[in-house]
Structures are given as structure tokens and as C-alpha cells.
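Student: fold the following for me, if possible:
(chains A and B, ligands or ions: 2)
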Amino acid sequence: MTLAAEIRQGDRRALARGLTLVENGDPAAAALLADVGTASRAHRIGITGPPGAGKSTLVSALTALWRGDDRSVGVLAVDPSSPFTGGALLGDRVRMLTHSGDEGVFIRSLASRGALGGLSAAIYDAADLLDAAGFDPVLVETVGVGQGEVEICRVADTTVVVLAPGAGDVVQGMKAGLVEAADVLVVNQADREGADALVAALRSAAELRDAPAPPILETTATTGAGVDELRQLLDARVGDAEGESLRARRLERAHARLRAAVDRARAHRYWAAREDALARAAEAVAAGDTTPAAAVRDLLEGDA
Amino acid sequence: MTDAPSLPIRILVAKAGLDGHDRGAKVVAAALRDAGFEVIYTGLRQTPEMIVDAALQEDVDAIGVSLHSGAHMTLFPQIIELLKARGGEQILLTGGGIIPADDARKLQEMGVGSLFGPGTPLAELVEYIRTEVAARRERGNSTASP
Ligand SMILES: Nc1nc2c(ncn2[C@@H]2O[C@H](COP(=O)(O)OP(=O)(O)OP(=O)(O)O)[C@@H](O)[C@H]2O)c(=O)[nH]1
Ligand SMILES: [Mg+2]
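Tutor: Ligands and ions are numbered 1, 2, ... in the order given. Here you go, the predicted model:
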């Protein structure tokens, strides 16, 4: 049986191996992704926000509720790689241990490996594999304090931005961007002082926009308070009422994704045949014998 | 190709047993990260089932278990058995704690890797994991079906 078929049949070891191929950008990954044939069935939900807001705890609490409905849940937990050593400390599982041993939950930690905005192309592909293996929803946790939120929008059908009281100053600086990126705003750690003030601040930031304000929910992930409301709101987005905006989002995502994939493939093929020409041109530019613009023109010459 | 040296080593670091602090495991996790590893940290009181379950989902190259409760002669063999039963036999199992040399030898006969006592320089641990994982990746490549 092929790896793709094993993954479709729910073989967890095969899924884990497939995720590694995708994560490593292995040449075998492209064939696997083509074979595995995902139809974008799963609701892909991005969970982002500043460090320590309670994203992983919230993911775990949501997962428990979906399991109660007998839905299988896939989780991708992304943390940054060090730009200096390439190492990463991936600690999100610590908050999700209650799901250990549950065949209906699959959690994979991914290091960003230098991808811009903390999200790599591998995330799309990894979500595809979880989708093909039958997990729905697929949750993607990322740390976001700016760029990250915008980046996750391109992967997710629905973006949840999670904040906690005490993040006041951070929020001050990025309120606009946060509200912009969020389909749902969550103020977690609602049991702590300052939660209501944060909700009020977010509400006034949202009112400054032309677009309709995203819903703002309060949760306490550690006790589960408010989490069911969030779950229902997320589920409703794939129902009839919001189905239209979700379809538009997926179309946009498919568009951006195909363009990026073709760009990558073309660049790869282009350079594979021109490493020597590039080396010569680089030397000429570095030595001042030609200008970068002239070198580019020469390199592209004859290339449609 | 897959296992070009540039691919980071993925390792699961867990604290097994019932004693309640994980300072040591956290120090090791941070040191491995600084050495360029991708460290999946799972925290305290991990059972063999939890460790193997996570290791297989994460498709790690290695598992580092820290334990100080004296249960090494039951925990390590259980982890090895589960790895074998569930298709993870190529994963390196190493770790640290207060483990008599006799016990360490018995465990190695069962397939456990080297075990490190308290106070072992972290550089030694890093070097061991690098070498051992490189060898296992090499073996994995040469036996992998086309
Ligand atoms: N009081 C309170 N504490 C919470 C709540 N949710 C999470 N926490 C605690 O906040 C800390 C951080 O929680 P995580 O779930 O790890 O937060 P995170 O956003 O995933 O953190 P990173 O992945 O490190 O960015 C933990 O100690 C949690 O127990 C909550 O609703 N109330
Ligand atoms: Mg987290």
C-alpha cells in the first residue's frame, strides 16, 4: 500500500512519516500530496496570539468538546526556530496531555525553520495530510505578535486571535492589526483582573473600522468557562450562515497557494539549470564589472 | 536526500516517574535546543504509553527520558517494548538519572542507548545523540524501500 493510501485509512504512523516528509521539503512530499487527494473538507482554524495567552490550553479545551461530539481533531503547534542555532523548544504538548492515547486526536509540533512570519509552506501541506487522514477540525497554533496573525490568515479558514489581560501594552501597539486579522477575538484568562477592560479596549478598536467587528468572547481555558460558546461559534462558521465567506476565503487561499507553489517549482527548475551562470554573474557584479540590473537582464535573456 | 546533515535532529524530552520537579529535564531541553535540536518537551510524570504515543506522532529521532525515582528497570524496558510493538524501533532511547552501571548494561542489552548520570557535561550528551542519530538515519536510508 502506498503511504498516501495508508494515511487515508487512518494509519497514524504513516501520517507521522508523511508529516516529516512535508516538513523536510523532501522530494517525495510532492507526490504524496498529489496522491493523498485532500478535498479541503476539514475546517482549518488558526489559533494565534502572544506568548502565554493560553492558546494551547484553549486548544486542549476545545479539543475535549469536539471529542465529546465524536469528531477527530488534528493539531499543528508551531513554535519559532532560533535564527542562530536552528534549534527550537516545542512545549505546547505540555498543555494537551489529557488527549494522550486518544486515537481521535493527533498533535504534531512544528518548528518554523526560518519561515517568514513563523509559518512555513509546510503548514499548508501538513494541514492537508491531517485533513486527508480524516481530522476535522484541524487547529493550527502559532505565536503571533504582529506578522504572525496576517500570515496565519492565509492558511486558516478561520482565525482566532487569543489575548489575555496583562498583555495591555502589547495590545496597545497592535490592536489594529489584531482586529484586522481576527475572525474571532478571544479574551482568555477571563478569571483574571483586567479581562473586561481588555474586552472594552478591543471593542473600541473594532469600532474604528469600516468592516463589521469580529465577535469578542471571554474564556477561561483552565476551567472551560466560555469555551463551549467559542466552539459553537466556530462550528457555525461552516454552517449555512457563514458558509459564503468561508468559501470566499478558501478560494483566496487556493489562489495564493497555487501561485506560490508554481513560483517555487519554477524557481527551482530555473536555477537548477543555471548555477554556473549565476556564479559567473555574481562574480562580475561583486567585482564591479557589471551592474546587478544588467546581470539580471542577461540571466533572463531568452527565458519566456 | 531526506537526511542531509542540515535537517535538525528532533528529540522528545520527558520526565518520567512520580517525583515532582522537572528542573533537570528543562535544563537538558534548553541545552539541546541551543545545540540546534528541535526539542519536543512534554513535561512531568510521563508514563511509557504517553512518551511513546507522543514520540510516534512527532516522528522523533530520539527520546531523552529523565528519571530519578529508581524505576528505571521498569520504565525503560516498557518504553522499548512499546516502541518495538508500534513501529518505532529505530528511535534512539537515551536518558539520565541515578542508574547503577550494572542496570545500565542490562538496559543496553535490551536496546536502550547510553544513559547519563547526574553531572555529565551536556556537551557529551549532545555529541552522543548527534553521532547515534546520524548512524541510525544512515541505516534507515540504506534499508528504506525505494
Ligand atoms: N488563570 C488562568 N490561567 C490560564 C488560563 N489559560 C491558560 N492559563 C495558564 O497560562 C499559562 C500559559 O498557557 P498556555 O496554554 O501554555 O499558553 P500559550 O499561549 O499556548 O503559550 P505559548 O505557546 O508559550 O505562546 C499556563 O500556566 C496556563 O495554565 C486561564 O484561562 N486562566
Ligand atoms: Mg502554546
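Student: how many neighbours does A:A267 have?
Tutor: 10 (other Cβ atoms under 10 Å in any protein chain shown). C-beta coordinates here come from the backbone N, C-alpha and C atoms, glycine included.
Student: am I right that A:R108 is in contact with A:L76?
Tutor: Yes: the pair A:R108 / A:L76 is scored as a contact, 5.6 Å apart, by Cβ atoms under 8 Å.
Student: residue contacts, B:R45?
Tutor: B:15-18, B:20 (Cβ atoms under 8 Å, 6 or more residues apart in numbering or on different chains).
Student: drop anything exposed from the residues you listed.
Tutor: Among these, those classed as buried by neighbour count (16 or more other Cβ atoms under 10 Å in any protein chain shown) are B:15-17.
Student: out of those residues, which is nearest to B:M110?
Tutor: B:A16 (16.1 Å; Cβ to Cβ).
Student: where's the nearest residue to the closest one once chain neighbours are set aside relative to chain A, distance?
Tutor: Leaving aside its chain neighbours, B:A16 sits nearest to B:L67 (4.6 Å; criterion: Cβ to Cβ, 6 or more residues apart in numbering or on different chains). As defined by Cβ to the nearest Cβ, to the nearest Å, B:L67 lies at a distance of 17 Å from chain A.
Student: look up how far ligand 1 lies from B:L67.
Tutor: Taking Cβ to the nearest ligand atom, to the nearest Å as the measure, B:L67 falls 24 Å from ligand 1.
Student: what number of residues lie near that residue?
Tutor: Using other Cβ under 10 Å: B:L67 sits among 24 other residues.
Student: doesn't B:V13 make contact with it?
Tutor: No: applying Cβ under 8 Å as the test, B:L67 and B:V13 come out as separate, 11.9 Å apart.
Student: pLDDT score assigned to the residue in chain A that ligand 2 sits nearest to?
Tutor: Nearest residue of chain A to ligand 2: A:S56, at 3.3 Å (Cβ to the ion). At A:S56, the model reports a pLDDT of 97.
Student: walk me through the domains of chain A.
Tutor: Using automatic domain parsing, the domain parsing of chain A gives A:38-241, A:259-303.
Student: quick one, strands of the stretch 151-300 of chain A?
Tutor: With DSSP state E, counting those that start in this stretch as the criterion, the stretch 151-300 of chain A has strands at A:158-163, A:184-187, A:216-218.
Student: and the longest helix for the chain?
Tutor: In the absence of a named chain, chain A is used. If you go by DSSP state H, chain A has its longest helix at helix A:240-272.
Student: right idea, wrong chain: chain B
Tutor: helix B:122-143.
Student: now the longest helix of chain A: mean pLDDT?
Tutor: On average, helix A:240-272 scores 77.
Student: on that earlier part again, who are the neighbours in contact with the residue nearest to B:A16?
Tutor: Contacts of B:L67 (Cβ under 8 Å, 6+ apart): B:15-17, B:75, B:95-97.
Student: hmm, try it at 7 Å
Tutor: B:16-17, B:75, B:95, B:97 (Cβ atoms under 7 Å, 6 or more residues apart in numbering or on different chains).
Student: same question, A:E6
Tutor: So A:E6 contacts A:A14 (Cβ under 7 Å, 6+ apart).
Student: please report how far it lies from ligand 1.
Tutor: 31 Å.
Student: buried ones in the host helix or strand of that residue?
Tutor: Assigned by DSSP states H and E, A:E6 belongs to helix A:3-8. By 16+ other Cβ under 10 Å, the buried positions in helix A:3-8 come out as A:3-4, A:6-8.
Student: which one of those residues is nearest to A:R203?
Tutor: A:I7 (43.4 Å).
Student: just the pLDDT at the closest one, thanks.
Tutor: So A:I7 comes in at 95 (pLDDT).
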